[in-house]
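**Student:** this is a predicted model, with the sequence first.
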Amino acid sequence: MEQQGQPARALTTRDRVVTVLVVDDHDPFREAMRDMVAGTDGFALVGEASSGEEAARAAGMLAPELVLMDVTMPGMGGIAAARAILNMHPETMVVLISVDDPSLHPGTDSLGEAVACVRKQDLKPSRLRELWQARHN
């Protein structure tokens, strides 16, 4: 698990920064999410993890407002990690991502409204802002 520096940009509509934790067991996908967050005004990376277990520990320490997490990882997968994170921080929003439709994975429907599902190829800055605003408006 890595911690990042302080948030650099403010969300234009609310003059605040949304803190983000990215989680994926594959370095290239984690790097792509890290770059996307860095390129999205109003969102700032506060940490990253390469497993569900690391994600739960990081969320416990960092209390991110948003977690972008791969649904399929060895050990504790994204669904179990999302459940653990939401038990600690019910106000956190979790976006489960996968190359296929993450909502088709068993157990996603039991996580409630705090969880959104997006295909990796559909996750871009505009979609990230749209997901956040849909939950917080």
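**Tutor:** Arrived safely.

**Student:** now do Leu62 against Asp101, distance only.
**Tutor:** Between Leu62 and Asp101 the computed distance is 28 Å (Cβ to Cβ, to the nearest Å). In this view, the C-beta of every residue, glycine as well, is placed from N, C-alpha and C.

**Student:** next one: Val22
**Tutor:** Counting by Cβ to Cβ, the gap from Val22 to Asp101 is 20 Å.

**Student:** with Ala32 instead?
**Tutor:** For Ala32 relative to Asp101 (Cβ to Cβ), the value is 19 Å.

**Student:** one step back: so Val22 and Asp101 - more neighbours on which side?
**Tutor:** The neighbour count for Val22 versus Asp101, taken as other Cβ atoms under 10 Å, is higher for Val22 (31 against 13).

**Student:** make sure that one is actually in contact with Arg34.
**Tutor:** Yes. Between Val22 and Arg34 a contact is recorded at 5.7 Å, counting by Cβ atoms under 8 Å.

**Student:** common neighbours of these two, please.
**Tutor:** Here Val22 and Arg34 share the contacting residues Leu45, Glu48, scored by Cβ atoms under 8 Å, 6 or more residues apart in numbering.

**Student:** list the contacts of Ser85.
**Tutor:** For residue 85 the amino acid is Ile, not Ser. Ile85 makes contact with Ala55, Ala56, Ala59, Val67, Thr92, Val94 under the criterion Cβ under 8 Å, 6+ apart.
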